[in-house]
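1. Got a predicted structure plus its sequence, pasted below:
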Amino acid sequence: MNDIFSKKCIQLRKKYHMTQQELADQLNVSNKTVSRWETNESYPDIEILTQIAEIFHVSIDYLLKDHDDFKELDKFDIISYFPWIIALLAILTYYIFMNLSIPVVFSFIIYYFIMRFSYQFLKQYTDKKNGSTLVKLNTIAHFFVVQSITSQILLILMVMSLTNSVFLAGDYNFEFTDSSQMMTPIVISYIIAAICAFIHYISHQNEDYCQKKD
């Protein structure tokens, strides 16, 4: 049993990119103690074993038993996909709010904070192995959401400048005499969205959000 635990301990520690000292600090033991566990020289008591299982998001049974014929799907494998679900929820919420004629700025604020929460969840509760994919997903979402809100704001500003009126929110039935009048803000919105998406991608492709590759 000790041999199984030592192998599992090494495997999980490397999976989480933790040093022996970092694991020891979380367990309030010395790094020599962790080293002895991994070299099969000693074995942790049940209280420490429970803490190790919580740190690595696995069951005690997983730590103690060999699973040659069947691999246990630990809680972490499921949790690692939660940031994707949260990000998709952010996109869905934005477009639902837009269809309900809720002001674009408010819709964007809600989208932004849900998206930020997806990153916070990624950093706090996962090992970031799906971080790179999440960044790409959020970058694509960022492009379309920013393009949507920017085009609407620019069109509203154009209508205001042409009619000398102030619009607050809602649907606008304004006929442009020149199609280029409507195309200009849309083209500008795509340029702005592309710049914002690029900045988002570059700023999130780092170790804070993506698992470091060995």
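-> Sure thing, it's come through. These numbers were taken from a predicted model, which means no experiment stands behind them. Residues are numbered from 1 along each chain as shown.
2. Which residues outside stretch 38-50 are in contact with it?
-> Under the contact criterion Cβ atoms under 8 Å, 6 or more residues apart in numbering, stretch 38-50 has outside partners 1-3, 5-6, 9-10, 13, 20, 27, 29, 33, 36-37, 52, 60, 63-64. In this view, the C-beta of every residue, glycine as well, is placed from N, C-alpha and C.
3. now the top helix by length along the chain: mean pLDDT?
-> Taking residue count as the measure and DSSP state H as the definition, the longest helix of the chain comes out as helix 131-163. For helix 131-163, the mean pLDDT works out to 85.
4. Any stretches of this protein with poor pLDDT?
-> The model of the chain has pLDDT under 70 over residues 1-2, 67-77, 162-182, 212-214.
5. which residues of the chain fall in helices?
-> Using DSSP H, the helices assigned to the chain run over residues 2-15, 20-27, 31-38, 46-55, 60-64, 75-79, 82-99, 104-125, 131-163, 179-204.
6. and the ones you listed as CSV, adding mean neighbour count and distance to Gln211?
-> Below are the helices of the chain laid out as CSV (neighbours: other Cβ atoms under 10 Å; distance: least, Cβ to Cβ, whole Å):
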stretch, mean neighbour count, distance to Gln211
helix 2-15, 16, 10
helix 20-27, 16, 16
helix 31-38, 18, 22
helix 46-55, 14, 17
helix 60-64, 15, 21
helix 75-79, 14, 13
helix 82-99, 17, 13
helix 104-125, 17, 10
helix 131-163, 18, 6
helix 179-204, 14, 13
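7. Can I get the ones you listed in a markdown table including distance to Cys210?
-> Supplementary listing: these in a markdown table, determined by distance: least, Cβ to Cβ, whole Å:
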| stretch | distance to Cys210 |
| --- | --- |
| helix 2-15 | 15 |
| helix 20-27 | 19 |
| helix 31-38 | 27 |
| helix 46-55 | 21 |
| helix 60-64 | 26 |
| helix 75-79 | 17 |
| helix 82-99 | 12 |
| helix 104-125 | 9 |
| helix 131-163 | 4 |
| helix 179-204 | 8 |
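8. The longest helix of the chain packs against which elements?
-> On a contact count with 3 or more Cβ pairs under 8 Å, 6 or more residues apart in numbering; DSSP states H and E, helix 131-163 meets helix 82-99, helix 104-125, helix 179-204.
9. could the ones you listed be laid out in TSV, adding distance to Ile48?
-> Below are the helices and strands packed on helix 131-163 laid out as TSV (distance: least, Cβ to Cβ, whole Å):
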stretch	distance to Ile48
helix 82-99	28
helix 104-125	22
helix 179-204	36
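10. For Ile153, find the nearest of those helices.
-> Between Ile153 and the helices and strands packed on helix 131-163, the tightest spacing by Cβ to Cβ is seen for helix 104-125, at 6.8 Å.
11. who touches that closest one?
-> Among residues not part of helix 104-125, those counted as contacts by Cβ under 8 Å, 6+ apart are 79, 82-84, 86-87, 89-91, 93-94, 97-98, 128, 130-131, 134, 138, 141-142, 145, 148-149, 152-153, 169, 204, 208-209.
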